[in-house]
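>>> here are the coordinates; sequence isn't available:
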Ligand SMILES: O=c1ccn([C@@H]2O[C@H](COP(=O)(O)OP(=O)(O)O[C@H]3O[C@H](CO)[C@H](O)[C@H](O)[C@H]3O)[C@@H](O)[C@H]2O)c(=O)[nH]1
């Protein structure tokens, strides 16, 4: 139960996406007084309205690219979670300026609106692809983090605590590889694996929501919260999904896709140098040193970088049975398995 958050008012940008939707559901269960959902797609809002049937949710059509819209949605709310983004790697690659407009300028609007409306806490959703970015999606998310931090540096008197949470892959999110593999198994098709040795962090939606809650209630301005997620290889993931459905899947190897990394990084070694280890999480605090040139040239901090980043190759590695167990906790997989058993 979100004791600190119960009875409060929230706004969520991108509230109809997988992550936003899980957050809205969690906040309603935890006693939120009002949850405003800002998103562009009226059909998805309508579906969500039908599913949730809760008068505490208020739906706003609009785009984070418009400051006026965001300012209106964030008036008189206590907490804002910013999840709206262009997050498909290929579309951001083809249209990097569109990614800039939504992920960077849109995020700047959200920060500005929250500051003006004196929102208590704003949490921005980032991704492992923002660390040492190789594609436009990751680059714009990295800049989003910088926009959030620059705000904290330039407006230390702001009433709003601005922080970021950084995630790896959220399991079963829309358009991601797990629902794709499940669908391929259902259709009796080979599983299209890019590279069996490729690794990704795995996080359930429930764990993701938990990290946002922590940032809402405990972050200090400029923090980046990172969960120490476990990882797996894509080959093991394919086999684990096959096992769940009682098949030995055929793999069709595609090769690494455009602008894709073999391993993802959640925290760079430069960040780990000053990160606070909170058990299940890292807190990367803002470097608050004055950025005027004189102190920049003269004031260093003693210390050495650790040798390694925290990445999906050296993170705790889940084996096939462990991946199976994790997959079984997902409501979507349970529903799929129930249907598969009923059909058998
Ligand atoms: O047919 C496929 C599709 C994907 N993969 C592999 O499966 C892994 C996960 O792929 P996803 O497409 O599910 O996820 P990505 O890592 O490409 O990126 C996803 O996770 C990111 C967070 O890290 C962002 O949220 C992003 O929008 C989202 O697509 C990757 O190693 C990918 O190569 C396959 O093997 N076969």
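Good, I have the coordinates. None of these values were measured; they are calculated from a predicted model.

>>> use CA for all of it now, contacts and neighbours both
Will do.

>>> what strand or helix carries residue 288?
Of the helices and strands defined by DSSP states H and E, none includes residue 288.

>>> quick one, what contacts it?
residue 153 (Cα atoms under 8 Å, 6 or more residues apart in numbering).

>>> other SSEs contacting the helix ranked longest in the chain?
In the chain, assigned by DSSP state H, the helix with the most residues is helix 136-154. Helices and strands touching helix 136-154, by 3 or more Cα pairs under 8 Å, 6 or more residues apart in numbering; DSSP states H and E, are helix 89-94, helix 96-99, helix 107-116, strand 121-127, strand 161-167.

>>> want to throw those into TSV with mean neighbour count, mean pLDDT and distance to residue 52?
Output for these, formatted as TSV (neighbours: other Cα atoms under 10 Å; pLDDT from 0 to 100; distance: least, Cα to Cα, whole Å):
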stretch	mean neighbour count	mean pLDDT	distance to residue 52
helix 89-94	16	96	30
helix 96-99	18	98	30
helix 107-116	23	98	25
strand 121-127	25	98	23
strand 161-167	26	97	26
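
>>> could you export these as a markdown table, including distance to the ligand?
Compiled in a markdown table, those are given as follows (distance: least, Cα to the nearest ligand atom, whole Å):
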| stretch | distance to the ligand |
| --- | --- |
| helix 89-94 | 6 |
| helix 96-99 | 12 |
| helix 107-116 | 16 |
| strand 121-127 | 5 |
| strand 161-167 | 7 |
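
>>> how about the helices in the chain?
In the chain, the segments counted as helices under DSSP H are 18-29, 42-52, 67-73, 89-94, 96-99, 107-116, 136-154, 177-186, 205-218, 234-244, 269-272, 293-298, 320-328, 331-343.

>>> for the third one, what is the distance to the chain centroid?
Once both centres are worked out by Cα atoms, centre = their mean, to the nearest Å, helix 67-73 turns out to sit 22 Å from its chain's centre.

>>> mind listing residues that contact that helix?
11, 36, 38, 60, 62-64, 106, 109-110, 113-114, 116-117.

>>> and if we set it to 10 Å?
Under the criterion Cα atoms under 10 Å, 6 or more residues apart in numbering, residues 10-13, 36-38, 58-64, 80, 105-117 lie in contact with helix 67-73.

>>> do me a favour and get the end-to-end distance for stretch 52-72?
Using Cα to Cα, to the nearest Å, the end-to-end distance of stretch 52-72 comes to 23 Å.

>>> can you give me the buried ones in it?
Across stretch 52-72, burial judged by 16 or more other Cα atoms under 10 Å covers 57, 59-60, 62-65, 67, 69-71.

>>> repeat for stretch 243-257
244-245, 249-251.

>>> between those, which is nearest the ligand?
Here the nearest of the buried residues of stretch 243-257 to the ligand, counting by Cα to the nearest ligand atom, is residue 251; it sits at 9.5 Å.

>>> was I right to think that closest one contacts residue 193?
Yes. Here residue 251 reaches residue 193: they are 6.3 Å apart, a contact under Cα atoms under 10 Å.

>>> what do these two both touch?
235, 238.

>>> how about the residues of the stretch 151-300 of the chain that lie near the ligand?
168-169, 176-177, 192-194, 198-200, 234 (Cα under 6 Å from any ligand atom).

>>> quick one on the thing from earlier: what's the closest of the helices and strands packed on helix 136-154 to residue 300?
Taking Cα to Cα, strand 161-167 is the member of the helices and strands packed on helix 136-154 nearest to residue 300, at 24.6 Å.

>>> ok now the closest one, how far from the chain's centre?
9 Å.

>>> kindly report the same for stretch 231-248.
Relative to its chain's centre, stretch 231-248 lies at 24 Å (Cα atoms, centre = their mean).

>>> one more: stretch 193-203?
Remark: stretch 193-203 is offset 17 Å from the chain centroid, using Cα atoms, centre = their mean.

>>> repeat for stretch 219-239
10 Å.

>>> and stretch 278-292, by the same measure?
Offset of stretch 278-292 from its chain centre (Cα atoms, centre = their mean): 19 Å.

>>> can you give me the buried ones in it?
So, applying 16+ other Cα under 10 Å, buried residues of stretch 278-292: 281-286.

>>> so which of those residues sit within strands?
Among the buried residues of stretch 278-292, the members falling in strands (DSSP state E) are 281-284.
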